[in-house]
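**Q** structure here, sequence nowhere to be found:
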């Protein structure tokens with residue numbers, strides 16, 4: 001598999017493209033192919049030049065993945081991000097990659113932006129593209145929290161005493 005980097009484009013395996021537009025691809029995972037020679041801007045230019053439309057959707061999908069190597073972590077995060085893209089979208093751009101190296105593994109955060117390539121210039125209304133309201137996070141413990149966490153209140157004085165005694169012991173050492 002090729003190296004995955006920012007601005008790489010992926011196409012669904014059976015994406016219809018304009019006549020005469022041939023793209024070199026490498027199979028990625030789960031019905032997605034990695035475009036080898038073009039980025040998002042160049043692909044859009046070639047599609048528009050042939051009379052088709054290419055819509056970039058601003059809502060991106062970001063996921064994390066881990067791996068033994070940086071590319072394995074990126075590929076795992078990309079796979080998870082692509083699973084979140086609706087079937088209505090037939091292309092995706094790797095918008096950003098954030099990589100962190102730990103002693104035994106790599107952690108990658110990958111954001112992908114969905115695209116829709118089509119003949120028509122009008123984007124159909126998609127129910128999935130409208131964000132649903134998110135319920136506000138509850139900031140207080142439930143009324144029966146003492147029953148749910150019976151040891152919580154009794155542990156606080158003990159923890160406070162441990163903190164105070166460790167501070168005084170630290171001051172005596174210095």
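**A** Received, thanks. Note that this is a predicted model, so its numbers are computed, not measured.
**Q** from residue 22, how far off is residue 39?
**A** Distance, residue 39 to residue 22, using C-beta to C-beta, to the nearest Å: 17 Å. From N, CA and C alone the C-beta is placed, and that goes for glycine too.
**Q** make that residue 63, sorry
**A** Taking C-beta to C-beta as the measure, residue 63 falls 30 Å from residue 22.
**Q** between those two, which is the more surrounded one?
**A** residue 63 (18 against 7; other C-beta atoms under 10 Å).
**Q** what sits against the more buried one?
**A** Shown in contact with residue 63 (C-beta atoms under 8 Å, 6 or more residues apart in numbering): 77-78, 80-81, 84, 109-110.
**Q** how about 7 Å then?
**A** Counting by C-beta atoms under 7 Å, 6 or more residues apart in numbering, residue 63 touches 77, 80-81, 84, 110.
**Q** got phi/psi on it?
**A** phi -140, psi 160 (degrees, to the nearest 10).
**Q** where does this protein dip in pLDDT?
**A** 1, 121-163, 165-174 (pLDDT under 70).
**Q** could I get the full set of strands for it?
**A** Remark: strands assigned in the chain by DSSP state E are 8-12, 25-27, 32-39, 53-56, 61-67, 91-101, 106-118.
**Q** possible to save the ones you listed as JSON lines with distance to residue 46?
**A** JSON lines is the format used below for these (distance: least, C-beta to C-beta, whole Å):
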{"stretch": "strand 8-12", "distance to residue 46": "11"}
{"stretch": "strand 25-27", "distance to residue 46": "14"}
{"stretch": "strand 32-39", "distance to residue 46": "7"}
{"stretch": "strand 53-56", "distance to residue 46": "9"}
{"stretch": "strand 61-67", "distance to residue 46": "25"}
{"stretch": "strand 91-101", "distance to residue 46": "12"}
{"stretch": "strand 106-118", "distance to residue 46": "10"}
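**Q** for residue 164, which of those strands is the nearest?
**A** strand 91-101 (36.2 Å; C-beta to C-beta).
**Q** next, the angle from that closest one to strand 106-118.
**A** 170 degrees (axes from the mean of the first three to the mean of the last three C-alpha atoms, to 10 degrees).
**Q** buried residues in strand 91-101, which are they?
**A** Buried residues in strand 91-101, defined by neighbour count with 16 or more other C-beta atoms under 10 Å: 91-95, 97.
**Q** with stretch 43-61 instead?
**A** In stretch 43-61, counting by 16+ other C-beta under 10 Å, buried: 43-44, 46-47, 52, 54, 56-57, 60-61.
**Q** ditto for stretch 76-85
**A** In stretch 76-85, counting by 16+ other C-beta under 10 Å, buried: 76-82, 85.
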